[in-house]
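Trainee: turn this into a structure:
(one chain, ligands or ions: 1)
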Amino acid sequence: MTEQTALVLEEKGKLSIRDIDLAQSLGPDDVQIAIHTVGICGSDVHYYTHGRIGQFVVNAPMVLGHEAAGTVTAVGDRVSHLAVGDRVCMEPGIPDMTSRASKLGIYNVDPAVTFWATPPIHGCLTPSVVHPAAFTYKLPDNVSFAEGAMVEPFAIGMQAAAKAKIVPGDVGLVIGAGPIGVMTALAALAGGCARVMIYDVVAEKLQVAGQYDGVIALNPAQPVDAQVLEATGGWGADVVFECSGHPSAFKTLFATPRPGGCVVFVGMPVDEFRFDLVAAQAKELRMETVFRYANVYDRAIELIASGKIDLKPLISGTFPFEQSVEAFDRAVEARPTDVKLQITLPG
Ligand SMILES: [Zn+2]
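Mentor: Next up is the predicted model:
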């Protein structure tokens with residue numbers, strides 16, 4: 001254990017910047033990373049404001065943050081694909097590589113997976129971390145630390161697009177224009193959609209999303225299903241991504257895909273609720289669910305480096321580490337024009 005400074009969630013509603021003991025021993029397959037940029041995620045904010053997400057409860061002080069990029073400062077004996085000085089981003093989930101889930105390639109649903117800033121595991125809002133090299137990815141020179149820290153949330157959009165099995169020329173629809181919704185729309189375009197409509201009840205969020213070529217912001221004041229049918233000659237969208245997690249979205253959800261289309265459930269509703277399964281069965285919809293991501297980081301980085309995906313317009317504000325608490329309080333405000341807030345660490 002090494003004592004080092006970090007942004008610590010002491011308990012629900014109480015953050016502090018202070019020294020805390022963190023495991024820092026470098027195993028043969030690990031790398032040590034000086035953290036440069038960390039994005040604030042909705043989950044970090046939810047632990048701050050509610051002290052829990054479902055079964056995960058903050059019972060002891062926990063370091064926040066899981067969307068990170070930085071520079072390698074040491075490598076374990078068996079690490080060959082990374083070297084000191086490499087700029088990298090990290091997958092925050094660490095599975096048991098011998099598990100059945102990992103062997104199937106679905107390590108994101110390994111029951112033994114540990115994930116940064118999911119109780120009781122500490123996150124990465126601290127100057128230095130040790131992480132498995134296998135889940136640490138080199139950033140090309142033209143990808144900034146800020147973009148590197150966006151790979152984590154973008155990976156969820158990538159997972160959703162992959163699960164949708166998009167065919168070139170598909171018409172997409174995203175419901176919910178928060179950070180994940182916008183990044184899902186971009187991944188769907190990169191995955192072959194000809195156009196992606198996006199809907200939200202908050203007009204400002206749609207303005208951010210609608211800046212992108214190929215992303216069509218729908219009218220927040222009109223029902224989404226009528227607009228989608230109008231825009232598709234009454235047929236419906238080929239692939240629909242539910243990214244709001246809001247029960248009200250389910251009232252018209254199954255009216256938006258075409259017969260035989262696909263609905264990917266990305267947003268996570270807070271509570272149980274009822275929905276009309278028969279409306280989905282009557283169209284023989286294919287339904288997919290997304291929990292984090294697996295095997296998409298390399299491809300996410302390729303798309304960003306190629307210039308096909310530009311996440312920079314989604315970074316709404318950057319705070320120095322000393323102002324981490326202010327940054328979180330700004331995130332709690334949930335300004336509709338804020339997409340992603342980031343924190344940068346000194347040195
Ligand atoms: Zn996140």
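Trainee: got the contact list for the one residue in the stretch 1-150 of the chain that gets nearest to the ion?
Mentor: With Cβ to the ion, the shortest gap between the stretch 1-150 of the chain and the ion falls at Cys41, namely 3.1 Å. The way it works is simple: take the backbone N, C-alpha and C, and place the C-beta from them, glycine included. Residues in contact with Cys41 (Cβ atoms under 8 Å, 6 or more residues apart in numbering) are 66-67, 152-153.
Trainee: most neighbours among those residues, which one?
Mentor: Highest neighbour count within the contacts of Cys41, by other Cβ atoms under 10 Å: Glu67, with 30 neighbours.
Trainee: let me know the average pLDDT across stretch 281-299.
Mentor: For stretch 281-299, mean pLDDT is 98.
Trainee: try stretch 103-123
Mentor: On average, stretch 103-123 scores 96.
Trainee: what comes up buried for that stretch?
Mentor: Using 16 or more other Cβ atoms under 10 Å as the test for burial, stretch 103-123 gives 107-108, 110, 113, 115-119, 121-123.
Trainee: low-confidence stretches in the stretch 101-250 of the chain?
Mentor: Judged by pLDDT under 70, the stretch 101-250 of the chain has no weakly predicted residues.
Trainee: could you say which helix or strand holds the most centrally placed residue in the chain?
Mentor: Centroid check for the chain by Cα atoms, centre = their mean gives Pro153 as the closest residue, at 2.2 Å. Following DSSP states H and E, one finds Pro153 within helix 151-164.
Trainee: which is the next helix or strand following that helix?
Mentor: Next along the chain from helix 151-164, counting by DSSP H and E, comes strand 171-175.
Trainee: up against the ion, what does this protein have?
Mentor: 41, 67, 153 (Cβ under 5 Å from the ion).
Trainee: now do the phi/psi pair for Pro313.
Mentor: In terms of degrees, to the nearest 10, the main-chain angles of Pro313 are phi -60, psi -10.
Trainee: quick check: closest non-adjacent residue to it.
Mentor: The shortest distance from Pro313 to any non-neighbouring residue, by Cβ to Cβ, 6 or more residues apart in numbering, is to Gln211 (6.3 Å).
Trainee: can you report how many residues lie near the one you found?
Mentor: Counted with other Cβ under 10 Å, Gln211 comes out at 13.
Trainee: next, find the distance separating it from the ion.
Mentor: 22 Å (Cβ to the ion, to the nearest Å).
Trainee: need the phi and psi values for that residue.
Mentor: Dihedral angles (degrees, to the nearest 10) for Gln211: phi -70, psi -20.
Trainee: repeat for Asp21
Mentor: Per degrees, to the nearest 10, the backbone of Asp21 is at phi -80, psi 120.
Trainee: near it, how many other residues are there?
Mentor: Around Asp21 there are 11 other residues, counting by other Cβ under 10 Å.
Trainee: what sits closest to it if chain neighbours are left out?
Mentor: Closest to Asp21 by Cβ to Cβ, 6+ apart is Met1, at 4.2 Å.
Trainee: quick one, what contacts the one you found?
Mentor: Contacts of Met1 by Cβ under 8 Å, 6+ apart are 21-24.
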